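Undergrad: With the input below, show me the fold.
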Amino acid sequence: MFQKILIANRGEIACRVAATARRMGIRTVAVYSDADAQALHVQACDEAVHIGPASPRESYLRADRILEAAKATGAQAVHPGYGFLSENEDFAQACEEAGMAFIGPPASAIAAMGSKSAAKALMEKAGVSLVPGYHGDRQDPAFLQVQANAMGYPVLIKASAGGGGKGMRAVHSAAEFEAALASCQREAQASFGSAHVLVERYLTQPRHIEIQVFGDRHGNYVYLFERDCSVQRRHQKVLEEAPAPGMTPERRKQMGEAAIAAARSVGYVGAGTVEFICEQDWASDAAGPPQGVTAPPGGSAACEAASVGAQGFYFMEMNTRLQVEHPVTEAITGLDLVEWQLRVAAGEPLPLQQDQLQIRGHAIEARICAENPAQQFLPATGTLQVLRTPSAVSFEVAPVRIDSGVREGDAISPYYDSMIAKLIVWGEDRASALSRLDAALRDLHITGLHTNVAFVRRVINTSSFSRAQLDTALIEREHAALFQAPGLPLNVAIGAAMAGMLPAVGQASSSSSQDPWSLQDGWRLHGQPRHREVLELDDQAITVTSTQLGPQAYELQFGDQRCVLNVHGRPGPTGGDQLDISVDGQRLRVSVYRHADDIHVFTDQGSAHLLRINPLSQVDHGHHGSGRLTALMPGKVVALLVKEGQVVKQGDPLAVTEAMKMEHTLTSPQDGTVAAILCSVGDQVAEGVELLRID
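TA: All right, here's what the predicted structure looks like:
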């Protein structure tokens, strides 16, 4: 076994690998960029080497600097994690040539499966079904458009060399194809160093099922069952679970053996994932297909959430690395997949054979990301002012597990992926796992930037997800429940916020509990004590007047509403502790966090973000004129789609920026004329910088 390994990655996966290595007595070396000098993964390892500036192209994608760090520290092997260089065959080959083991498959296997087009051709020869499409090398736009037109819309454009939803667009008409292709090619080139794409028929409501496979250098192969990754936004996974709901033992064996055949065909070694798109199959003994879904022709209109694939499954791609969602497989098998990677890379045989593997219980993983679901999941940057997690045990098979590479006070920068953490839960069955996930999301408190926590909690409570009616259109199908659902009741949001802001009452000074002048009870000679605040909630300014009724009781008036607030327990000195309150007789346990004028309220029912408005302040809280188009986050301008003087309609695309490894199209806020273009292609812009002006 290795004595020292270098982890050629950052964030939570670097921390994850370091934890297993430490348990096995293996020393670890971290690499870090300028932006990560104080990062958690640096502290998690025994040694650390600086490899360059913040940009991945100048640090984590610099194979030469990583290999120099490995040689200088005496590392015997390199673990690539996922992303960055993890599926780069040249890097894998360079590690081997430098005398260091690459903790992953051979370079030849990465090359064979690294191109989606080449992999599909290989699978076609092996007799594995493929989604109809064009997977060849000819890449001129006119030819690809002809192929798409012949297939019929919608079609899916996908980067051949990558994954993670980058360089991928669904195109619904011929008129959209040219712009979507150009965007995919730019994003693919930036993320993977190759603009090569494939085009295939877009299955609008399939399930996304992947099989975890493992191979060793002795010719042994196993599949560690399946994961359902159907719930996605922007072609990126939101929730993953194992085993797949509705999967029959017969279909599991069929898909598992197909995955092993794919791995064996390229001499695969180590951990890999074979991904399949599966058509729906309706069972005859349940209540019907998901709302808005039509049962397949000839099938019963009744459906239980989805058993997989009577109409077949199609090979999509093979990821030649460990997957982000590997913890759900660990949870249901009781295995440490990173340990298996290390043992296989060191030349040992697989620890178990197929007949020794078993499924126990059910596991679900939620990806917690810095993003704004209300703004088309735009990635967010900022400081994690509060990061309070539910009780959990990291890196172990436990009812609640959290994998993260950040701490409270860390910043989410524009340079890397927006994922904050992975929240993994396990239960004896899906119902208990789902209940545990809901409780864990309730107890996960993050402030300082936008996150998807509340959105994910709404997803798992939709009818579709709770009944396991899963497909890649779930978020679109449940749009009303996810994006138009009411927030916290107004009296609860206002009452909790005010409870965290009102001065302490009924408390005597430590000098003399009998001294009436030291009592903080708000007593005054004339009239009842009153307190006034202006709070902003959902872009609405609300004036709140509180009248003290007693030592711990207040009447709150806002607009034409009144409520009675009782404070049973006070927050700590920072205002960020738990509060026990009653609002109109309803007893609530809430948490209120204040940072300057920002107030975040968390309750069992949900959360709310309020802003305290200082009437004496002249600060602009972000409400700009409707004709100003500003950068929503730090990034690079990669395309300008209009010219000065051009007439535009509300919603027309105006510019494209790149940030956090994704492209973001900025649209016109109103009908009008482009009065000024204030940026150029290639400009690096800060958040809030004005890019265009519309009259």
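
Undergrad: OK, contacts around residue 200?
TA: Neighbouring residues of residue 200 by Cβ atoms under 8 Å, 6 or more residues apart in numbering: 131-135, 151, 155-156, 158. For glycine as for every other residue, the C-beta is placed from the backbone atoms N, C-alpha and C.

Undergrad: Mind doing that once more with 6 Å?
TA: Counting by Cβ atoms under 6 Å, 6 or more residues apart in numbering, residue 200 touches 131, 133, 156.

Undergrad: Next one: it relative to residue 679, how far apart?
TA: With distances taken as Cβ to Cβ, to the nearest Å, residue 200 is found 35 Å from residue 679.

Undergrad: which SS class is residue 264?
TA: What DSSP: H, G, I helix; E, B strand; the rest coil gives for residue 264 is helix.

Undergrad: what's the closest non-adjacent residue to it?
TA: Excluding its sequence neighbours, the residue lying closest to residue 264 (Cβ to Cβ, 6 or more residues apart in numbering) is residue 221, at 6.0 Å.

Undergrad: What's the per-residue pLDDT of the one you found here?
TA: Looking at residue 221, its pLDDT stands at 98.

Undergrad: pretty sure it contacts residue 214?
TA: No: in this structure residue 221 lies outside contact range of residue 214 using Cβ atoms under 6 Å: 7.1 Å.

Undergrad: Those two: which has the busier surroundings?
TA: Taking neighbours as other Cβ atoms under 10 Å, residue 221 and residue 214 compare with residue 214 leading, 25 against 20.

Undergrad: part of a strand, is the more buried one?
TA: Yes: with three-state DSSP as the criterion, residue 214 is located in a strand.

Undergrad: got the contact list for it?
TA: Residue 214 touches 222, 271, counting by Cβ under 6 Å, 6+ apart.

Undergrad: Quick check: it vs residue 490, distance?
TA: 53 Å.

Undergrad: now residue 46
TA: 53 Å.

Undergrad: the more surrounded of the two?
TA: Comparing residue 46 with residue 490 by other Cβ under 10 Å, the one with more neighbours is residue 490, at 18 against 14.

Undergrad: Read off the pLDDT value for that one.
TA: At residue 490, pLDDT is 94.

Undergrad: from here on, count from 657
TA: OK, 657 is where the count begins now, so the last one is residue 1146.

Undergrad: what's downstream of the longest helix seen in the chain, the next helix or strand?
TA: Assignment by DSSP state H gives helix 830-848 as the longest helix of the chain. Sequence order places strand 853-857 as the next helix or strand after helix 830-848, per DSSP states H and E.

Undergrad: quick one, that following strand and helix 830-848 angle?
TA: Calculated by axes from the mean of the first three to the mean of the last three Cα atoms, to 10 degrees, strand 853-857 forms an angle of 140 degrees with helix 830-848.

Undergrad: rewinding a little: and the residue nearest to residue 920, what does it touch?
TA: 871, 916, 919-920.

Undergrad: Find the residue ranges of the stretch 657-806 of the chain scoring beneath the pLDDT cut-off.
TA: The stretch 657-806 of the chain contains no residues with pLDDT under 70.

Undergrad: Okay, strands next: where are they in it?
TA: 660-663, 683-689, 703-708, 733-735, 757-758, 789-790 (DSSP state E, counting those that start in this stretch).

Undergrad: who does the longest helix of the chain touch, helix- and strand-wise?
TA: With contacts taken as 3 or more Cβ pairs under 6 Å, 6 or more residues apart in numbering; DSSP states H and E, helix 830-848 sits against helix 797-807, strand 811-815, strand 824-827.

Undergrad: who touches it?
TA: Here helix 830-848 makes contact (Cβ under 6 Å, 6+ apart) with 797, 801, 804-805, 813, 815, 817-818, 822-823, 825, 827, 851, 853, 1294, 1317, 1319.

Undergrad: if you set the cut-off to 7 Å instead, what comes out?
TA: Here helix 830-848 makes contact (Cβ atoms under 7 Å, 6 or more residues apart in numbering) with 797, 800-801, 804-805, 809, 813, 815, 817-818, 822-825, 827, 850-851, 853, 1294, 1312, 1314, 1317, 1319.

Undergrad: what's the answer for stretch 1099-1117, then?
TA: By Cβ under 7 Å, 6+ apart, the residues outside stretch 1099-1117 that reach it are 887, 894-895, 1022, 1024-1029, 1036-1046, 1068, 1076, 1079, 1090, 1093-1094, 1097, 1121, 1137-1138, 1141, 1247, 1249, 1251, 1256, 1258, 1262-1263.

Undergrad: Which of these fall within strands?
TA: Under the assignment DSSP state E, these contribute 887, 894-895, 1022, 1024-1025, 1027-1028, 1038-1039, 1042-1044, 1068, 1076, 1079, 1247, 1249, 1251, 1256, 1258, 1262-1263 to strands.

Undergrad: Emit the ChimeraX select command for whichever of those residues are buried.
TA: Selection command for ChimeraX covering only the buried members of the ones in strands among the contacts of stretch 1099-1117, criterion 16 or more other Cβ atoms under 10 Å:
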select :887,894,895,1022,1024,1025,1027,1028,1038,1042,1043,1068,1076,1079,1247,1249,1256,1258,1262,1263
